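Enquirer: Sequence and computational prediction follow.
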Amino acid sequence: MANVLNRTTREFIQSANTPDYPVADWIHNPDLSAVTGFDRRYWIVTGDAVSLMDAGARAALDAAALEAARDDLANQIDQTEDILRAVVLMVLDELNAHSAKINALLTAIDNASSLANLKTAVAAISDLPTRTAAQVKTAIRNKLGV
């Protein structure tokens, strides 16, 4: 049993069965003293030696990772815009349903000649259902791309 380090991915495995890890792809019992405490992305593998990137190279790698993270965030914002539009359209539908209910009630009040007629007219107006989270998700999905 030995510790092994993949030459390409820098995957480190302790107490590995060495025959399962060919020397062409894995360093057996690598000396990691030069990279202790540093993330594997900063490690440089040359032959069987593992060294640490200098501070400038580490800073450049961090800057590139930050730039990539910003690009990913920008792409998410583009998707968020679509989702936000769908949410607004779904809320608009709900507001319109409530407005229609209020308008129906007001019309019933205006047209009622007696309390009995008003009760009958109001009873004929359907209740608005409460919404579940699943219904909201479905409504938003249906609005995506609209």
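Expert: Perfect, I can see it now. Numbering: from 1, shown residues only.
Enquirer: looking at this structure, which helix or strand is least sure?
Expert: Lowest by mean pLDDT, DSSP states H and E among the helices and strands of the chain is helix 115-123, with a mean of 85.
Enquirer: Residues in contact with that one: which ones?
Expert: Contacts of helix 115-123 with the rest of the structure, by Cβ atoms under 8 Å, 6 or more residues apart in numbering, involve 105, 108, 109, 111, 112. From N, CA and C alone the C-beta is placed, and that goes for glycine too.
Enquirer: again, 6 Å this time
Expert: 108, 112 (Cβ atoms under 6 Å, 6 or more residues apart in numbering).
Enquirer: With only the CA atoms kept, save it in CSV.
Expert: Extracted in CSV, the C-alpha atoms of helix 115-123 (Å, rounded to 0.1, in the frame of the first residue of the first chain):
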residue,chain,number,x,y,z
LEU,A,115,-80.7,41.8,-0.8
ALA,A,116,-81.9,38.4,-2.0
ASN,A,117,-80.9,39.1,-5.6
LEU,A,118,-77.4,40.3,-4.3
LYS,A,119,-76.9,37.1,-2.3
THR,A,120,-77.9,35.0,-5.4
ALA,A,121,-75.6,37.0,-7.7
VAL,A,122,-72.7,36.8,-5.3
ALA,A,123,-73.2,33.1,-4.7
